[in-house]
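K.L.:
using only what follows, build the 3D model:
(one chain, ligands or ions: 1)
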Amino acid sequence: MLVNLNDILKKAQKEKYAVGLFNTTDTDMLQAAIAAAEELSSPIIIGTAEVLLPYGELELIAPALIAAAKRASVPVVVHYDHGLTYARCVEALQRGFTSVMFDGSVKPYAQNIAETKEIVKLAHAMGATVEGEIGHVGEAATGDNVLTDMYTTAEEARAYAEDTGVDALAVAIGSAHGVYKKKPMLNIGRLKEIRESVRVPLVLHGGSGLSDEDFAKSIAGGIAKVNVFTDLCLAGEKAMKEGTEKNLGYLETRNRKVDAIREAVRTKIRLFGSAGKA
Ligand code: 13P
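P.N.:
This next block holds a predicted model:
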């Protein structure tokens, strides 16, 4: 069942669980993610990101994502993650994505607001939802998560959400994309301040490598969507290495990779509390 963010995140916010966004670059990852959600009767968000397009073209991956969402037995949002340009966000919407993230977080504040607003206008007219970002969630490899001046403030979050009309808001509270060099320390106090200032569901990026306790605290503190990609790649990579070592051949190795990714998605769905919420 193809839905948008509002169809699933409002309920998640009210009932204090989170729905995972699992990015995919191909139909193997897609199949694994949807199978895990169906097994656990969980809503799910699937998609790709602008930086991932070299690994899976939008023109090719979009029809697969949409077909998989439509035939799934659970609610599925097809989300375009970290849209960096207006043109690509428009393309994703035209190709049938039900949700886009516009990431203007490294742009000057006024420009981020102005560009996000344009995308919100278009997406809403098409029945799609928009996620924005204020503050900046960077890369774990460069230690961006400890740069507290990039963290979102409650006042910025309130002004940005009100001015742009976004449906969900990504916040920077100490997580980052990729593999952490040192155990991250999430600023849950800041998250709670933001939660009190903003009405829309809040999003935690960089969901790989966080502890069970990090998830429990951030979901209790108001996070309703968690983005995951790196942990799926690591699970798939490990299974492929094992397949190669055991000389299993291409198709058997591929099946093991899909099973490993499915298990990684299942683990996150259980931690996020969205099992049984479809
Ligand atoms: P990870 O790759 O660290 O899980 O982050 C995913 C993400 O936030 C995509 O927007």
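K.L.:
residues in contact with the residue in the stretch 1-150 of the chain that the ligand sits nearest to?
P.N.:
Using C-beta to the nearest ligand atom, the closest approach of the stretch 1-150 of the chain to the ligand is made by Asp81 at 4.8 Å. Quick note: C-beta positions are derived from backbone N, CA and C, even for glycine. By C-beta atoms under 8 Å, 6 or more residues apart in numbering, Asp81 lies in contact with Leu21, Asn23, Gly47, Thr48, Ala49, Glu50, Met101, Asn227.
K.L.:
and what about it, helix, strand or coil?
P.N.:
Following DSSP: H, G, I helix; E, B strand; the rest coil, Asp81 is assigned to strand.
K.L.:
quick check: closest non-adjacent residue to Asn23.
P.N.:
Phe229 (4.2 Å; C-beta to C-beta, 6 or more residues apart in numbering).
K.L.:
to clarify, my last question referred to Gly83.
P.N.:
Nearest to Gly83 is Cys89, by C-beta to C-beta, 6+ apart, at 4.0 Å.
K.L.:
give me the contact list for the helix or strand harbouring the one you found.
P.N.:
Assigned by DSSP states H and E, Cys89 belongs to helix 86-94. The contact list for helix 86-94 (C-beta under 8 Å, 6+ apart) reads 50, 58, 62, 80, 83, 100, 102, 115, 118-119, 122-123, 126, 128.
K.L.:
distance to Ala159 and secondary structure for these - can I get that in TSV?
P.N.:
Output for the contacts of helix 86-94, formatted as TSV (distance: C-beta to C-beta, whole Å; DSSP: H, G, I helix; E, B strand; the rest coil):
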residue	distance to Ala159	secondary structure
Glu50	25	helix
Leu58	32	helix
Ala62	33	helix
Tyr80	25	strand
Gly83	21	strand
Val100	21	strand
Phe102	17	strand
Glu115	16	helix
Glu118	18	helix
Ile119	18	helix
Leu122	22	helix
Ala123	20	helix
Met126	26	coil
Ala128	24	coil
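K.L.:
could you pick out the residues of the stretch 1-150 of the chain near the ligand for me?
P.N.:
Within the stretch 1-150 of the chain, the positions near the ligand by C-beta under 6 Å from any ligand atom are Asn23, Ala49, Asp81, His82.
K.L.:
repeat that with 8 Å
P.N.:
Leu21, Asn23, Ala49, Asp81, His82, Met101, Val137, Ala140 (C-beta under 8 Å from any ligand atom).
K.L.:
tell me what the longest helix seen in the chain is packed against?
P.N.:
As assigned by DSSP state H, the longest helix anywhere in the chain is helix 250-272. Counting contacts by 3 or more C-beta pairs under 8 Å, 6 or more residues apart in numbering; DSSP states H and E, helix 250-272 packs against strand 19-23, helix 27-39, helix 212-220, strand 223-228, helix 230-245.
K.L.:
now the second one: mean pLDDT?
P.N.:
Mean pLDDT, taken over the full extent of helix 27-39, equals 98.
K.L.:
what's the answer for the shortest one, then?
P.N.:
Looking at strand 19-23 alone, the average pLDDT works out to 98.
K.L.:
and the third one, by the same measure?
P.N.:
Within the predicted structure, the mean pLDDT of helix 212-220 is 98.
K.L.:
could you check the angle that helix makes with strand 223-228?
P.N.:
Interaxial angle of helix 212-220 relative to strand 223-228 (axes from the mean of the first three to the mean of the last three C-alpha atoms, to 10 degrees): 140 degrees.
K.L.:
then the shortest one?
P.N.:
Interaxial angle of strand 19-23 relative to strand 223-228 (the same axes, to 10 degrees): 20 degrees.
K.L.:
what's the answer for the longest one, then?
P.N.:
Using the same axes, to 10 degrees, the inter-axis angle of helix 230-245 relative to strand 223-228 is 30 degrees.
K.L.:
tell me the contacts of the closest residue to the residue of the stretch 1-150 of the chain closest to the ligand other than its chain neighbours?
P.N.:
Closest residue to Asp81 apart from its sequence neighbours, by C-beta to C-beta, 6+ apart: Ala49 at 3.8 Å. The neighbours of Ala49, taking C-beta under 8 Å, 6+ apart as the test, are Asn23, Tyr80, Asp81, His82, Phe229.
K.L.:
how does it look with 7 Å?
P.N.:
Asn23, Asp81, His82 (C-beta atoms under 7 Å, 6 or more residues apart in numbering).
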